[in-house]
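**Q** next comes the sequence, and after it the predicted model I'd like to discuss.
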Amino acid sequence: MIDERNLVVSDVTAVLPDKVLHDASIVIRDGVIVEVTDRRLNGAETVHGHGAVCIPGIVDTHSDALEKEMRPRPGVVLDIPFALRSFEGRARAAGVTTMFHGVGFEENGSYDRTVAQAEEMCRAIDERAASGRAIIDHRVLHRLDVRDGDGLAALEDRLERLGPRTGADLPLVSYEDHTPGQGQYRDRSWFERYIAGTRQIDDEEATRIVDEILASRDAHLDVRERSIVSMGARAVGGTIRLMAHDPSDSSEIDVAAESGMTIAEFPTTVEAAEAARERGMRTVSGGPNALRGTSHSGNVSARELITRGLCDGLASDYLPSTLIGSMAALVADRRCDLVTAVALVTRGPALTVGLSDRGVIAEGARADLVLVELDGRLPTVRFVLSQATTGERTGVS
């Protein structure tokens, strides 16, 4: 095994913050980049890239894929620690070296989410991150269903047990309301079609189910108000980093900004993204959307937001490989240059969540690196370096 903290990566095409450097070498000592040069270096501790493109390790700020790893098919539920170790291999193979796992704080049978499961997932992620044996940097994205009182109470308890944190270790929280008719499914007909397709039912039955969902969720508006007060106070107080999930217009952005939210996650319209930019909020779009060129639920294309300069970074949402895939596709389809495309999956997301030590190939940066071959829109990851094994962060039980 190589020493990932001390080696030279040579003969690569390095994507730097402002340019592409050919025939480059990157010198790493104690897990940090100490030199980037335009000459080939050789030695016993040298990894030869043979001209491969070298990018920073990908930073994924929102992934629900661990949930899918836990339930690979109907009726099969895997132990969470095993699923996490299995999934980290998939993530690393896709070039992801920092992963924020979405953990749903809610009681929702439709998505197989419970508060007890959320607590167990957090425990497993924290323990793996602190073990010194993880092959990527594991972190938690706390997803709060704002109309779920049990979820709110559990998240408040989790944040209290985490204790005071600052900078890169601020807990990341996503404020989410998936009630049909707003956010991602602001046009409820899209949600009705989704229900009909996934449950194999007719349109009339799907409409009836959505009506029931609306009635049930409208009965919990008081919880929604308590959620915004609770999370907003923490965000304003600087004890959490808070995201507005699926904002659809400028009025929602105004409320979000006034409530301490600094990130607009998956804005569904150009209006919402523009308003977020005017308010100084960071914006995140979906990797699958950018790869395909369209939203699966009829919302704005991530490519349009990228072209307009309204996207600070991409998140995989549910499929980690779409990040490196979208990077390649954006370049091949001439939506942006390679430097910009790489930043959308590395430096952009890292800065969004306060991780200023990574996401860039430069002296002093954390040496998370990926060697990738680009064949048009089709990338192949050949080699990954991750500095996650230091195990310096500690979690809570």
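**A** Now that the structure is in, tell me what you want to look at.
**Q** for the stretch 251-397 of the chain, which segments count as helices?
**A** Ranges of helices in the stretch 251-397 of the chain, per DSSP state H, counting those that start in this stretch, are 270-278, 287-292, 302-307, 321-332, 338-345, 347-352.
**Q** and for the first one, what's in contact with it?
**A** The contact list for helix 270-278 (CB atoms under 8 Å, 6 or more residues apart in numbering) reads 244, 247-250, 252-254, 264, 267, 282-283, 300, 304-305, 308, 310-311. Where you see a C-beta, it was placed from the backbone N, CA and C, and this is true even at glycine.
**Q** which members of those residues are classed as buried?
**A** 244, 247-248, 250, 252-253, 264, 267, 282-283, 300, 304-305, 310-311 (16 or more other CB atoms under 10 Å).
**Q** which stretches in the stretch 201-350 of the chain count as strands?
**A** For the stretch 201-350 of the chain, applying DSSP state E, counting those that start in this stretch gives strands covering 241-245, 263-265, 282-286, 313-315.
**Q** contacts for the third one, please.
**A** Spelled out, it's strand 282-286. Taking CB under 8 Å, 6+ apart as the rule, strand 282-286 contacts 61-62, 243, 262-267, 273, 276-277, 295, 302, 305-306, 310-317, 322, 349, 351-352.
**Q** identify, from the buried ones among the contacts of helix 270-278, the entry nearest to residue 172.
**A** Lowest distance from residue 172 to those (CB to CB) belongs to residue 282, with 11.9 Å.
**Q** and the gap between that closest one and residue 94?
**A** 23 Å (CB to CB, to the nearest Å).
**Q** so where's the stretch 101-250 of the chain uncertain?
**A** By pLDDT under 70, the low-scoring segments of the stretch 101-250 of the chain are 110, 178-192, 194-195, 198, 213-220.
**Q** again, only using 90
**A** 108-112, 147, 166-168, 177-225 (pLDDT under 90).
**Q** so residue 239 touches residue 169, yeah?
**A** No. With contact defined as CB atoms under 8 Å, residue 239 does not count as touching residue 169 (10.9 Å).
**Q** ok, the two, which is more surrounded?
**A** Remark: of residue 239 and residue 169, residue 239 carries more neighbours, 18 against 15, as counted by other CB atoms under 10 Å.
**Q** got the end-to-end distance for stretch 44-56?
**A** 23 Å (CA to CA, to the nearest Å).
**Q** no, scratch that, I was asking about stretch 96-116
**A** One end of stretch 96-116 sits 28 Å from the other (CA to CA).
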